[in-house]
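Colleague: my questions are about this predicted structure, shown below with the sequence.
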Amino acid sequence: MTRVHERFFAGFGAFLFLASACTLTIYVIMQSSSSSNTANSTAQQPPACSDSQTEPTLAAPSAYVPTGPINSLQVTDLTNGTGPAAKDGDCLVVKYYGTLATNGKVFDQNFNQPTAFAFTLGKGQVIQGWDKGLVGMKVGGTRRLVIPAAQAYGSQSPSSAIPANSNLVFVVKLLRIQ
């Protein structure tokens with residue numbers, strides 16, 4: 001009877017050793033492959049689009065109230081920039097001045113702030129009028145966008161300062177492309 005117990009315990013011990021060795025091997029392989037996948041996915045992702053630098057403040061632009069109906073996006077370069085033109089996928093760092101097209105009332109701006117606004121062009125992070133209207137802009141340039149409501153916020157009112165179905169005017173200065 002003692003021999004049966006010894007064989008049982010010896011077999012059980014061998015089984016535990018084999019099971020733990022296999023478990024440890026699988027764990028190491030899984031950790032190794034997950035860390036290499038994380039490294040690969042991190043290497044392939046573009047850097048985050050953000051701006052943490054202090055920026056110079058700018059003088060507020062003159063109010064612009066367009067005349068006539070606003071049926072399509074209107075793009076006017078007030079100052080031409082230099083260097084490569086902004087394209088979809090670029091991280092743009094800008095100063096902006098937003099007014100209502102009906103009366104020139106300012107609803108949002110960062111011209112007199114020491115901060116800038118950064119976003120990735122063409123990725124839907126901003127209103128459609130910006131995604132379309134800032135393509136081709138060059139660093140240092142200032143552009144006026146007259147944006148119909150359909151390419152702004154449409155029937156949605158993002159704040160009490162912007163009524164639903166508002167046409168908007170933005171003056172945008174491109175500080176840099178990251």
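Modeller: Perfect, I can see it now.

Colleague: C-alpha from now on. contacts and neighbour counts both.
Modeller: Noted.

Colleague: what's the weakest-modelled helix or strand in this structure?
Modeller: Across the helices and strands of the chain, mean pLDDT, DSSP states H and E gives its lowest value to helix 2-44, namely a mean of 47.

Colleague: that helix: what's the following helix or strand?
Modeller: Using DSSP states H and E, the next helix or strand after helix 2-44 towards the C-terminus is strand 74-79.

Colleague: and that following strand, what does it pack onto?
Modeller: strand 142-147 (3 or more C-alpha pairs under 8 Å, 6 or more residues apart in numbering; DSSP states H and E).

Colleague: name the helices or strands packed onto the helix or strand that comes right after the strand it packs on?
Modeller: Downstream of strand 142-147, the first helix or strand assigned by DSSP H and E is strand 168-177. When contacts are defined as 3+ C-alpha pairs under 8 Å, 6+ apart, strand 168-177 sits against strand 91-100, strand 138-139, strand 142-147.

Colleague: highest mean neighbour count out of these?
Modeller: strand 142-147 (a mean of 24; mean count of other C-alpha atoms under 10 Å).

Colleague: so how far is that strand from its chain's centroid?
Modeller: Relative to its chain's centre, strand 142-147 lies at 20 Å (C-alpha atoms, centre = their mean, to the nearest Å).

Colleague: sheet-wise, list the partners of it with their directions.
Modeller: Sheet pairing of strand 142-147 (DSSP bridges) gives strand 74-79 (antiparallel), strand 168-177 (antiparallel).

Colleague: packing partners for the helix or strand following the first one?
Modeller: As assigned by DSSP H and E, the chain's next helix or strand after strand 74-79 is strand 82-85. Based on contacts counted as 3+ C-alpha pairs under 8 Å, 6+ apart, the elements that strand 82-85 packs against are strand 138-139.

Colleague: save the helices and strands packed on strand 168-177 as TSV, and put in mean pLDDT too.
Modeller: Below are the helices and strands packed on strand 168-177 laid out as TSV (pLDDT from 0 to 100):
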stretch	mean pLDDT
strand 91-100	97
strand 138-139	98
strand 142-147	98
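
Colleague: now the ones you listed in JSON lines, with distance to Ile177?
Modeller: Converted to JSON lines, the helices and strands packed on strand 168-177 look like this (distance: least, C-alpha to C-alpha, whole Å):
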{"stretch": "strand 91-100", "distance to Ile177": "5"}
{"stretch": "strand 138-139", "distance to Ile177": "7"}
{"stretch": "strand 142-147", "distance to Ile177": "14"}
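
Colleague: among those, which is nearest Ser50?
Modeller: Taking C-alpha to C-alpha, strand 91-100 is the member of those nearest to Ser50, at 7.8 Å.

Colleague: what is the helix or strand just after the closest one packed up against?
Modeller: For strand 91-100, the following helix or strand on the C-terminal side (DSSP H and E) is strand 106-109. For strand 106-109, the packing partners by 3+ C-alpha pairs under 8 Å, 6+ apart come out as strand 91-100.
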